[in-house]
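Visitor: Got a sequence here, can you build the structure:
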Amino acid sequence: MSYYTVKELPESDRPREKLLKVGAENLSDSELLAIILRTGVKGKNVIDLSREILKTFNGFDGLSKVHVQELVNFKGLGKAKAVTIKAAVEIGNRTRSKVKVSSVLKPSDAFELLHKYRYLEVEVFGIITLNAKNVLIGIHEISKGSVNAAVVTPKEVFCPAVRDLATSIILFHNHPSGDTTPSNEDFKITQKLKEAAKLLDIEVLDHIIVGKNSYFSFKEEGIFDV
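Guide: Predicted coordinates for the structure are as follows:
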């Protein structure tokens, strides 16, 4: 069987070379996974294989939860690749679990917490829950896919906030395009959730739109009260 390697890609698309040139933080999830996998399969290069794996298992978070045997059974992954993926994801999880954030006092603090969403290829909406001293309680993903007011409901958004006994929350979602300009729908969602929050005595502090190398803060831009 013939396997497609990273070297068969155009040099500008080779993730290893790209990492050396621009740094690991500027690679997409699929490019990082491609470096781990090293080779693709017959008829499919390693980048395409990586994208398919991430889509099937819902990103690195999904890969951290899936059993290794499920990976082994995935077409294009053998035991060696499956074990390597699980080991790499576990290293990431252990590193992330040691990161301590004492408080979220400004939008840039929130952006740091949301680093993993910078290079996702699917849009994710979620909330950061905080206590009365703005100390982080948790980060909760509410929905995946196209973010709109019909999908993002107050019930789903505030359920984890109530469970966390949060005093306040920060809304967030990513723009896979990298353009952090808020859409009309983003404004509608923000206003809708701010109104709902009043009934629960929970304050919505901000709405952060995460891009690849930057963010947009409704609060910071002075247009949070829309």
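Visitor: From what I see, Ala24 and Leu32 are in contact.
Guide: Yes: the pair Ala24 and Leu32 qualifies as a contact (Cβ atoms under 8 Å) at a distance of 7.0 Å. C-beta here means a position set from N, CA and C on the backbone, and glycine is covered the same way.
Visitor: those strands in this protein, which residues are they?
Guide: 124-130, 136-144, 168-174, 203-210, 215-217 (DSSP state E).
Visitor: Just the buried positions in the longest helix along the chain, please.
Guide: Taking DSSP state H as the criterion, the chain has its longest helix at helix 79-97. For helix 79-97, the neighbour count (16 or more other Cβ atoms under 10 Å) marks 81-82, 84-86, 88-89 as buried.
Visitor: In JSON lines, list those along with pLDDT.
Guide: Conversion of the buried residues of helix 79-97 to JSON lines gives the following (pLDDT from 0 to 100):
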{"residue": "Lys81", "pLDDT": "91"}
{"residue": "Ala82", "pLDDT": "91"}
{"residue": "Thr84", "pLDDT": "93"}
{"residue": "Ile85", "pLDDT": "92"}
{"residue": "Lys86", "pLDDT": "90"}
{"residue": "Ala88", "pLDDT": "90"}
{"residue": "Val89", "pLDDT": "87"}
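Visitor: Now distance to Val152 too, for those residues, in CSV please.
Guide: Output for the buried residues of helix 79-97, formatted as CSV (distance: Cβ to Cβ, whole Å):
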residue, distance to Val152
Lys81, 36
Ala82, 34
Thr84, 36
Ile85, 31
Lys86, 32
Ala88, 32
Val89, 28
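Visitor: circling back: quick one: the longest helix of the chain to chain centroid distance?
Guide: Centroid separation for helix 79-97 versus its chain: 17 Å, with Cα atoms, centre = their mean, to the nearest Å.
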